[in-house]
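> Sequence first, predicted model second:
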Amino acid sequence: MILYNNVSLVMLTIVMTAVFSKTSAQEKSSQQEEVEIATKALTEAMLKPAAPVLNKLTSDKLSYGHSSGTMETKEQFVRTLVSGASVFEEIQISEQTVDVQDNTAIVRHILNAKTNDPGKGPANIRLGIMLTWVKSNGDWQLLARQAFKL
């Protein structure tokens, strides 16, 4: 009888572990999809800048790092795009990975873009990007971004 109870307990533990693992994997997959959607929305907002959209997608504590070493706050980032000081004509993202842990996600990708900043003229850029997203009040917001030259 003791052997039967131990076998039952082991089987119950295995089943419960499988159920919780599947639920956890599904939740992580869902969160990854949410972060991918937020990243795509950010890309679209950089192409067609609108302050309300950019403000919703970014944390008030945003640290936005350019490949040149320039750092911007949320206010500076939004103003730069909305004012037309920085103009993206096309953005293509490749080799994207998303890693979610709890309410934080790290996105890495390659950004290929055509820019046309006033005073600089048209340019093609290719950069490595790392984004840090945090989930706040049910929404993913960009907390940090760092670009680096490839």
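Looks like it came in fine.
> Low-confidence regions, the chain specifically.
In the predicted model, the chain carries pLDDT under 70 at residues 1-28.
> Going along the chain, name the helices of it.
In the chain, the helices defined using DSSP state H lie at 2-47, 51-57, 74-82.
> Tell me how far E90 lies from V82.
19 Å (C-beta to C-beta, to the nearest Å). In this view, the C-beta of every residue, glycine as well, is placed from N, C-alpha and C.
> And for W140?
Look at W140 and V82: by C-beta to C-beta, they are 21 Å apart.
> related to what we said a few turns ago, more neighbours: E90 and V82, which one.
Remark: of E90 and V82, V82 carries more neighbours, 17 against 11, as counted by other C-beta atoms under 10 Å.
> hey, which strand is longest across the chain?
If you go by DSSP state E, the chain has its longest strand at strand 121-136.
> what comes up buried for that one?
127, 129, 131-135 (16 or more other C-beta atoms under 10 Å).
> and which of the residues you listed is nearest T104?
V134 (5.5 Å; C-beta to C-beta).
> show me what contacts the spatially closest residue to I125 that is not a sequence neighbour?
Nearest residue to I125, sequence neighbours excluded (C-beta to C-beta, 6 or more residues apart in numbering): A113, at 5.1 Å. By C-beta atoms under 8 Å, 6 or more residues apart in numbering, the residues touching A113 are 88-92, 124-125, 127.
> Given the longest strand of the chain, what are its sheet partners and their directions?
Sheet pairing here is set by DSSP bridges, and for strand 121-136 it gives strand 104-117 (antiparallel), strand 139-149 (antiparallel).
> Once you drop chain neighbours, what's closest to V134?
Spatial nearest neighbour of V134, excluding adjacent residues (C-beta to C-beta, 6+ apart): L143 at 4.8 Å.
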